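S.K.: give me the fold of what follows.
(chains A and B)
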Amino acid sequence: MKEKILETLSELRAYAVEKGYDIELVYHEEDSYLMRFANSAISLNTNEHIIRLDITANEDRKRASYNLITDLSHMDEMKHGIDIAAEMVKHAQPLSYSPTIPVYTETFIDESGFDASLAQISNEERLAYFNKVAGSLETEDLRLSGIFSNGANTYAITNTRSQHSLYMKTSDAQVSTVLAHTKLKWEVTAEQSAQNKTELDPLALNRELALLVHHYENDEAIQLPLGTYDIVMGSAALADFLTYFKYIAFDGGLMKRGFSFMREENIGQKVFSDKFTLVDDTNDLRTFPLKRDFNGMVRKPYTIYEKGVFKGFVWSQDDADEFGAKATGHSVPHYSLSMHGGDQDVATLEDLLKMPRDNDILYFPFLHYAGIVNPPKGIITGSSRFGALLLKKDGTVQVPYNYRLTISMFDLFGDKVQWMSKQTTAYNLSSSYGSRNPMATVVPNFMRINGLEISHSNSSY
Amino acid sequence: MQKQIKQLIDRIKSKGATYVDARWYPVEETNELVMINGNLKEASASRQSGLGVRVLYKGAWGFSASSDLNDLSAIFDKAFDNARIAAERVTFPVRLAEKDALQAKFESPCKINPFEVSLAEKVAFLQAMDTKMNQEGVFQRSGQLQFVRKQIVFVDSEGSEIEKTITEVFTELEVAGLDSNGMMHSRKFRPGRIAATRGWESIDSAYYTENAERIVSEMKQVIAADDCPKDDRSVILLPGIMFLQTHETIGHALELDRILGYELAFAGGSFVTLDDFGKLRYGSTKLTARANATEPNSPGSFGFDDDGVPAQDNLLIDKGLLVGAITGRQMVEEANAKARRPIFHGSSGANRATSFYRVPIERMTNINIDYGTDGTLEDIVAHTEKGIILDGDKSWSIGSNREQFHFGTEIGWLVEDGKITQVVKNSTYKGDTVKFWNSLSAVGDQSTWEMKWVNNCGKGQPNQIMQLGHGVPVCRFDNVRIGE
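M.R.: Numbering: from 1, shown residues only, chains lettered A, B, ... in the order given. Sure thing, here's the model as predicted:
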């Protein structure tokens, strides 16, 4: 298949060269499978095989693009798409800057992140996985929801200025399982991300769900009094916060457009806790890394924050061209963010529950539907969901109804951080709006931040 | 093609499927232009075609889709196989509400096909708007044009054959400036439906020019303004934020699949229970909300949904009382059975998919609030002692069961003793859904009612975005926390 894809691109490139076009071609193929559960049944079992071709035509400072959902057998359709893009660019308006068109100096093929046995896992195996997760936890009132999404993702890229191509193929799986009480409306979750089939461990999810269910069924449910709490974030919440952090804390283009709370003068300054180190780590296969960006730049691990010191913005090629900066290899659909762990040996929720407590600890496992309230101030708001707990100083546990945090990123990653787990987890953040784009962020399993304010507290689940 | 699809539907039926449908997209094309600070950053077009097949077997759904139409049979077989496996884990076998088998066509109203308008004319429009917004104090200006045209052929095993051609035009202008602390503030113009049609003719240059000037003026006022106070006040929501309030705390809360727990793994549930229909006082008696897919000029109007059910106008909330939900064929049967009473009488025609490669799910149509009798915006302001007028969605965050919310808006105008006193920046408000809607104290008249649209509503797994509408008047709510 790889050969056929590269041959097709080569033929399309030859066609464009012959016509005198200045064309970039990005081929994307997804083979997606998703089994969805709701109310303890398979509510949907689906698969999609989609091939997309993005064609960008350049002419001096003008640029236009045409996107096709197509098939490799439709050579005429793809060539026609090239003609359309080439015609469109004639009528486009010149940019105020010169966009860089890459020249690939070597053919680069990377399939190190592809595991066929994960990409092609069968319907029967997905169902067996769910059955193991559920174990004996389901009841008439306690129903299983979730997804098992897996598939393969292929990019192949070339242009008329290059004799060479890029080809990158990865496999991925995202599993989320939810046990929800149909009458009381509480819900707990356990999730898993995998790049390789051996990483799938349904029994680990079963243990996690069983522990949460135990507390939700047996401990007192409360409406949290508004006020200040010492909070332990779980890996899902941390990864989700980092998703928003990515936009407003180190993106060079967004900084130039006024959407960032970091400024150029902050480079080299210590702005967060010395416990905070964040790297775009393309060596970590758990993040489904792309080792070349779409402009052909080699993507090596890139440190963004080191012990709280801001090391620099990331720049896509287009933003770098527009604002006169140097591109950093970030013209990619997703980064490979990895937040380093700390020195606390807290691998699991069970470990957290066993820790001696010097204060009441509010466990915030999951961030639901966050919004950036004020980008230049780094303020974000979102609600708790899926298994929040209040770990009382006296050793007891209460179950808080969902609550809202409206906080500054400086509080989240700043001097209020008390500790982080040694252990890290790859939390899967993939979405499938549009094309498949597997994405995971590596974060400490837990992180404690003292003195955060709860801005809203629900009176029921 | 249709003949072949029908033959394949019959073949899958003969293997034991109780229901089969296919959505063939002969073509869906888009065209998008984005101009930022005078740079045409995006001039893109797309074209796609493909087939999605849904099979119901022993009470379970299987779905398969592909852009490769060389082997249609394989797509049908895969969908059947997916359903066969799904049938091994069924707790409530899927049943579909009755519907009529229809042979029908729908074409959304369009006088000028935007795909026949030249790129040069579209770019010229954006350049004219960019020039208008290019004023001192404007740090960033952007204009967007998005056009969609799709043909959908729906065929099912119950004898329906429906062809749809839908054209949409989405536009937006936005300006941003920096305040004295270097903080960025923006103001945007996303026009309501200003014409009876949805083609290029709906772009009225004079109207856009007028509003381009307005948003620049208002943005300049915001960057010079004080912060919104932390206070409890009456909030007067203009349509530019009222649509989102309606979307998030009525629309999503009343999707029947959410109520029945089908979105608990992702989008969330709803605080509404089946027992609440006919009983829950959702809002004050001034609140009447409806799902009206028959508005001619909105993306929430599509002729027939992807179950093949005709568009309808149904009450959701009648003078404050919860009476209806957003439904497709599957969910009404399950809801009635679980409630042990006939709450819903057939599908409300709201099952839609974003593309051929996604399965239909309950989606909002046009979730509208009826206009009221409390006069114009000026009348409502004049009768407000201590309030704030809010407009423009800036940030939004909602609880997983839609029980509470926090919204940030682009601009606020404080109201004291019936008069507007000053503009404020960083305006926010929050509340609990039912308490908030029960505090509805004034609903503007027809002059305040605007048909807004949403083109990026996200839901479902695999994820889908959807286009829909909200016709909303100016509304006032009392005793609301602002400024947090």
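
S.K.: would you map the strands across the stretch 201-350 of chain B?
M.R.: Taking DSSP state E, counting those that start in this stretch as the test, the strands found in the stretch 201-350 of chain B are B:226-227, B:231-237, B:289-292, B:313-318, B:321-322.

S.K.: what packs against the second one?
M.R.: Strand B:231-237 makes packing contacts with helix B:377-382, strand B:386-398, strand B:475-482 when contacts are defined by 3 or more Cβ pairs under 8 Å, 6 or more residues apart in numbering or on different chains; DSSP states H and E. C-betas here are computed from N, CA, C, even on glycine.

S.K.: which among these is found nearest to A:N402?
M.R.: strand B:386-398 (11.0 Å; Cβ to Cβ).

S.K.: near chain A at all, the helix or strand following that closest one?
M.R.: Once the chain leaves strand B:386-398, the next helix or strand it forms, by DSSP states H and E, is strand B:404-416. Yes - for strand B:404-416, a contact with chain A is found by Cβ under 8 Å from any Cβ of the partner chain, at B:Q404, B:H406, B:G408.

S.K.: outside of stretch B:327-335, which residues touch it?
M.R.: Identification of contacts with stretch B:327-335 by Cβ atoms under 8 Å, 6 or more residues apart in numbering or on different chains yields B:92, B:94-97, B:99, B:256-257, B:259-260, B:262, B:274, B:305, B:307, B:309, B:325, B:343-351, B:360-362.

S.K.: B:K386 contacts B:T421, correct?
M.R.: No - in this structure, B:K386 is not within contact of B:T421 by Cβ atoms under 8 Å, at 10.4 Å.

S.K.: give me the common contacts of those two.
M.R.: Going by Cβ under 8 Å, 6+ apart, residues that sit against B:K386 and also against B:T421 are B:V415.

S.K.: out of those two, name the residue with the larger neighbour count.
M.R.: B:K386 (15 against 10; other Cβ atoms under 10 Å in any protein chain shown).

S.K.: separation between the more buried one and B:E416?
M.R.: 6 Å (Cβ to Cβ, to the nearest Å).

S.K.: assign the nearest residue to A:S432 once chain neighbours are set aside to helix, strand or coil.
M.R.: Distance criterion Cβ to Cβ, 6 or more residues apart in numbering or on different chains; nearest residue to A:S432, sequence neighbours excluded, is B:P462 at 4.1 Å. Under DSSP: H, G, I helix; E, B strand; the rest coil, B:P462 falls in the coil class.

S.K.: quick one: contacts for B:P462?
M.R.: Per Cβ under 8 Å, 6+ apart, neighbours of B:P462: A:S32, A:L34, A:T46, A:E48, A:S149, A:S432, B:R358.

S.K.: for it, give me phi and psi.
M.R.: Here is the backbone geometry of B:P462 (degrees, to the nearest 10): phi -60, psi 150.

S.K.: deepest-packed of the helices and strands packed on strand B:231-237, please.
M.R.: Ranked by mean neighbour count, the helices and strands packed on strand B:231-237 are led by strand B:386-398 with a mean of 23 (mean count of other Cβ atoms under 10 Å in any protein chain shown).

S.K.: how many neighbours does the residue in the stretch 151-300 of chain A that chain B sits nearest to have?
M.R.: Using Cβ to the nearest Cβ, A:G258 is the residue of the stretch 151-300 of chain A that sits closest to chain B, at 3.4 Å. A total of 18 residues lie near A:G258 under the criterion other Cβ under 10 Å.

S.K.: check B:E121 too.
M.R.: Count around B:E121 with other Cβ under 10 Å applied: 10.

S.K.: tell me the secondary structure at it.
M.R.: Assignment for B:E121 (three-state DSSP): helix.
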